[in-house]
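Engineer: Need coordinates for the below:
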Amino acid sequence: MTGVEESDRAVDRFDSARRTLLQHIAGRMCFQCRDGRCLQNEWAVEEFAGHPGGRRLLVRLRLLDPADDTIQEGQPR
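Structural biologist: Below you'll find the model as predicted:
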């Protein structure tokens, strides 16, 4: 999607971030990668860090240290 067709719905951003992360698994690159850095992938990691499910996936992909993860399950007692 481009221009006026771009979506700012959370579900669309999450899906785009998911697809970007999957593209970069195991050191693969995308058309946005430049000089060993990918701003699109950095955006995707930040986007996922804002969602509990996204943080879980970042931990599974070893992109987030479990000790740094702030996921809290259930209600505090």
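
Engineer: Now Gly50. Its backbone dihedrals?
Structural biologist: The phi and psi values for Gly50, taken as degrees, to the nearest 10, are phi -90, psi 0.

Engineer: Mind listing what's buried along the one helix or strand Asp15 maps to?
Structural biologist: Element membership for Asp15, per DSSP states H and E: helix 10-24. Buried positions in helix 10-24, judged by neighbour count with 16 or more other CB atoms under 10 Å: 13-14, 16-18, 20-21, 23-24. Where C-beta positions appear, they are placed from N, C-alpha and C, glycine not excepted.

Engineer: Mind putting these into a markdown table with pLDDT and distance to Pro52?
Structural biologist: Shown next, in a markdown table, are the buried residues of helix 10-24 (pLDDT from 0 to 100; distance: CB to CB, whole Å):
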| residue | pLDDT | distance to Pro52 |
| --- | --- | --- |
| Arg13 | 88 | 15 |
| Phe14 | 86 | 12 |
| Ser16 | 89 | 18 |
| Ala17 | 89 | 14 |
| Arg18 | 87 | 14 |
| Thr20 | 89 | 19 |
| Leu21 | 89 | 16 |
| Gln23 | 86 | 23 |
| His24 | 87 | 21 |
